[in-house]
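# just coords:
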C-alpha cells in the first residue's frame with residue numbers, strides 16, 4: 001500500500017468517531033469501582049436486561065433524529081400499547097383461548113398497534129408538514145391521557161386491577177410470558193438479546209441499503225434529497241411508523257418482564273432517556289450525522305449511570321439532575337468539538 005493511501009486511511013479514522021465506546025468503557029470502569037468488588041456476571045447481564053426496553057425506544061429515536069426530526073411520544077406509545085395489550089390479554093384469558101394463541105395475538109397486536117400510533121405521528125409530520133416537536137408532544141399527552149382514562153372506565157376484569165392500573169391476570173398464559181420476558185439464553189437475558197439482534201438489523205439497514213442512505217440524505221438536506229428523487233414525505237412517515245413498531249416491541253418486552261402497567265408512570269421520561277442515549281451514541285441532533293451502532297452503547301451507558309447512582313446511594317430526588325447534567329455535557333461536547341476542529345483547520349490553512 002502506498003504512503004498516500006496509508007495517510008488517507010489514517011486520516012479517515014478518528015477516535016472521536018467512536019467516542020461512544022470510550023464513554024461506555026469509562027462509565028463501566030466507574031461502576032466497577034463504585035461496586036467495591038461486588039460486581040458479578042449477573043450484574044453485568046442485568047445491565048443488558050434493564051437496557052432492553054429503553055434501548056428499543058432509543059433506536060426509534062435515533063432514526064427520527066437522523067432524519068432531522070424528533071419523537072417525544074415514544075414513552076407514551078410504549079405505555080399506551082402495553083396498556084391495550086394487557087386489556088386484550090385479560091379478555092383473551094376470560095374467553096378461554098389457548099396459551100400459545102394468547103401469546104401470539106398479544107405480540108401481533110402490540111406490534112401493529114404501536115406501528116399505527118407511530119404512523120399517525122408520521123402522517124401529521126411527513127404528509128402535512130407539521131413540526132415534529134409539537135405533534136409528538138401533543139400525541140404524548142393524548143396517548144397517556146387515554147391510557148389513564150381507560151384504566152378507570154373499563155371493567156376490572158379486563159384491566160385486571162381495580163386500582164387504576166393494568167395487570168395481567170394470574171394463569172398459565174401469564175406464567176409463560178413472564179418466563180419468556182425474564183428468561184435467559186446461555187446466561188444472557190432474552191429481552192436484551194432481542195434488543196441487540198434488532199439493533200444489528202437496523203444498523204445494517206441504515207448503513208448498507210438505499211433506504212438508510214435516504215435517511216441520512218434527508219437529515220443532511222431534505223430539499224436536496226427531494227431534488228435527488230427521494231420521496232421525503234413518505235420516508236418520514238415510514239420512520240415514525242418504524243419508531244412506533246419499535247415501541248410496540250418495547251411494550252411486549254415490558255409486559256413479559258413486569259406483567260403490569262401503571263399508566264401514570266410507565267414510560268415517563270423514557271423519551272428523555274432515549275434522546276440521551278442517542279446523544280451519548282454520537283448521533284448529531286441536527287440530523288444526517290452519526291451511526292446507529294452508537295445508540296447501543298449510548299443506551300447501555302445510560303443504564304450504567306443508573307447503576308452508578310444506585311451504588312453510591314445518592315438521594316433518588318437528585319437522580320434526574322445528575323442525568324440531566326451528563327446529557328448537557330454530552331451535548332456541549334458534540335457541539336463544541338466540531339467547532340474547535342474547524343477553527344484549528346482554518347488556522348492551519350491560514
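Looks like it arrived, so ask away. The structure presented is a predicted model; accordingly, all values stated were derived computationally and were not measured. Numbering: from 1, shown residues only.
# contacts, neighbours, all on C-alpha from now
Fine.
# OK, contacts around residue 216?
Residue 216 makes contacts with 66, 67, 287, 288, 289, as judged by Cα atoms under 8 Å, 6 or more residues apart in numbering.
# Now do the contacts for the first one.
Neighbour list for residue 66: 215, 216, 219, 283, 284, 285, 286, 287, 288, 289, 290 [criterion: Cα under 8 Å, 6+ apart].
# In helices, which of the contacts of residue 216 appear?
Within these, residues falling in helices by DSSP state H are residue 66.
# Please tell me how far residue 231 sits from residue 320.
From residue 231 across to residue 320, the span is 39 Å (Cα to Cα, to the nearest Å).
# again with residue 302
11 Å.
# what's the answer for residue 263, then?
20 Å.
# So the two - more neighbours on which side?
Taking neighbours as other Cα atoms under 10 Å, residue 263 and residue 320 compare with residue 263 leading, 25 against 12.
# pLDDT value on the closest residue to the more buried one other than its chain neighbours, please?
With Cα to Cα, 6 or more residues apart in numbering as the criterion, residue 263 has its nearest non-adjacent residue at 5.3 Å, and that residue is residue 148. Residue 148 carries a pLDDT value of 94.
# residues contacting residue 148?
Counting by Cα under 8 Å, 6+ apart, residue 148 makes contact with 164, 263, 264.
# With residue 107 instead?
Residue 107 makes contact with 249, 252 under the criterion Cα under 8 Å, 6+ apart.
# That one sits in which helix or strand?
Element membership for residue 107 (DSSP states H and E) is helix 99-122.
# can you give me the offset of that helix from its chain's centre?
In terms of Cα atoms, centre = their mean, to the nearest Å, the centre of helix 99-122 is set 17 Å apart from its chain centre.
# Same question for stretch 77-84.
Stretch 77-84 has its C-alpha centroid displaced from the chain centroid by 15 Å (Cα atoms, centre = their mean).
# can you check stretch 155-172 too?
Taking Cα atoms, centre = their mean, the mean C-alpha location of stretch 155-172 is offset from the chain mean by 27 Å.
# do the same with stretch 304-313
Between the centre of stretch 304-313 and the centre of its chain there are 21 Å (Cα atoms, centre = their mean).
# Can you list the buried residues in it?
For stretch 304-313, a neighbour-count test (16 or more other Cα atoms under 10 Å) marks 304, 305, 306, 307, 308, 309, 310 as buried.
# now swap in stretch 321-333 and tell me
By 16+ other Cα under 10 Å, the buried positions in stretch 321-333 come out as 323, 326, 327, 330, 331.
# Now do the contacts for the first one.
With contacts defined as Cα under 8 Å, 6+ apart, the neighbours of residue 323 are residue 305.
# In the chain, where is pLDDT below threshold?
Scanning the chain for pLDDT under 70 picks out 1-17, 37, 334-335, 337-342, 344-346, 349-350.
# which residues in it form strands?
Using DSSP state E, the strands of the chain run over 166-167, 184-185, 188-189, 260-261.
# got the end-to-end distance for stretch 177-188?
For stretch 177-188, the first-to-last residue distance is 17 Å (Cα to Cα).
# What are the contacting residues of that stretch?
45, 103, 189, 190, 191, 253, 254, 255, 256, 257, 258, 259.
# For these, which PyMOL command selects only the ones that are buried?
In PyMOL, a selection of the buried entries from those looks like this (16+ other Cα under 10 Å):
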select buried, resi 45+103+189+190+191+253+254+255+256+257+259
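# Now the two most distant members of the contacts of stretch 177-188.
Spanning the widest gap among these are 45 and 103, at 25.3 Å by Cα to Cα.
# Please name the nearest non-neighbouring residue to residue 57.
Going by Cα to Cα, 6+ apart, residue 57 has residue 247 as its nearest residue, at 5.6 Å.
# Pull out the buried residues from stretch 133-147.
Of all the residues in stretch 133-147, those buried under the rule 16+ other Cα under 10 Å are 135, 136, 137, 139, 140, 142, 143, 144, 147.
# can you tell me which two in those are farthest apart?
Greatest spacing in the buried residues of stretch 133-147, by Cα to Cα: 135 and 147 (18.2 Å).
# ok, now which ones touch residue 234?
Contacts for residue 234 were tallied using Cα under 8 Å, 6+ apart; they are 126, 127.
# Which one of the contacts of residue 216 sits in the busiest neighbourhood?
Ranked by neighbour count (other Cα under 10 Å), the contacts of residue 216 have residue 66 at the top, with 30 neighbours.
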